[in-house]
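Colleague: Give me a model of this one.
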Amino acid sequence: MRKVIGIGETILDIIFRNEQPSAAVPGGSVFNGIVSLSRTGVPVCFISETGNDHVGNIILRFMRDNHISTDYVNVFPDGKSPVSLAFLDRQQRCRIYLLQG
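Modeller: This next block holds a predicted model:
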């Protein structure tokens with residue numbers, strides 16, 4: 001079986017429902033696809049970067065938990081990982097705000 005290689009960003013998405021935080025999950029468009037493929041047993045590799053901070057550690061742990069190698073994730077010693085705030089309204093429509101480190 002061939003390996004799928006993804007290149008993209010990693011972000012921690014903090015999801016708000018009723019103006020209250022309800023979940024925090026790693027995301028990013030390519031990253032989400034790689035996670036889905038890995039969960040179905042497809043061999044994957046992901047190339048990205050993150051900061052050497054609590055958010056970066058959450059993302060790296062999530063990758064390992066989902067059988068995605070962290071060998072190709074560059075961890076910047078003084079960098080801060082990006083976070084997005086996703087506010088869901090009553091119809092489950094979303095407004096997103098990206099906070100860069």
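Colleague: element containing I58?
Modeller: Element membership of I58 [criterion: DSSP states H and E] is helix 54-65.
Colleague: Pull the number of nearby residues for the residue nearest to L99 when sequence neighbours are not counted.
Modeller: Closest residue to L99 apart from its sequence neighbours, by Cβ to Cβ, 6 or more residues apart in numbering: V83 at 4.8 Å. Quick note: C-beta positions are derived from backbone N, CA and C, even for glycine. Residues near V83, counting by other Cβ atoms under 10 Å, number 16.
Colleague: Can you check the pLDDT for V83?
Modeller: For V83, the pLDDT comes out at 94.
Colleague: picking up where we left off before, elements contacting the helix holding I58?
Modeller: Applying 3 or more Cβ pairs under 8 Å, 6 or more residues apart in numbering; DSSP states H and E, one finds that helix 54-65 contacts strand 11-17, strand 20-27, strand 44-51, strand 73-76.
Colleague: centre of the chain versus it, how much separation?
Modeller: Centre-to-centre, helix 54-65 and its host chain are 8 Å apart (Cα atoms, centre = their mean, to the nearest Å).
Colleague: In that helix, which residues are buried?
Modeller: 55-56, 58-60, 62-63 (16 or more other Cβ atoms under 10 Å).
Colleague: Can you tell me which of these is nearest S38?
Modeller: M63 (8.8 Å; Cβ to Cβ).
Colleague: show me what contacts that closest one?
Modeller: Residues near M63 by Cβ atoms under 8 Å, 6 or more residues apart in numbering: 26, 46, 69-70, 73.
Colleague: make it 6 Å
Modeller: T70 (Cβ atoms under 6 Å, 6 or more residues apart in numbering).
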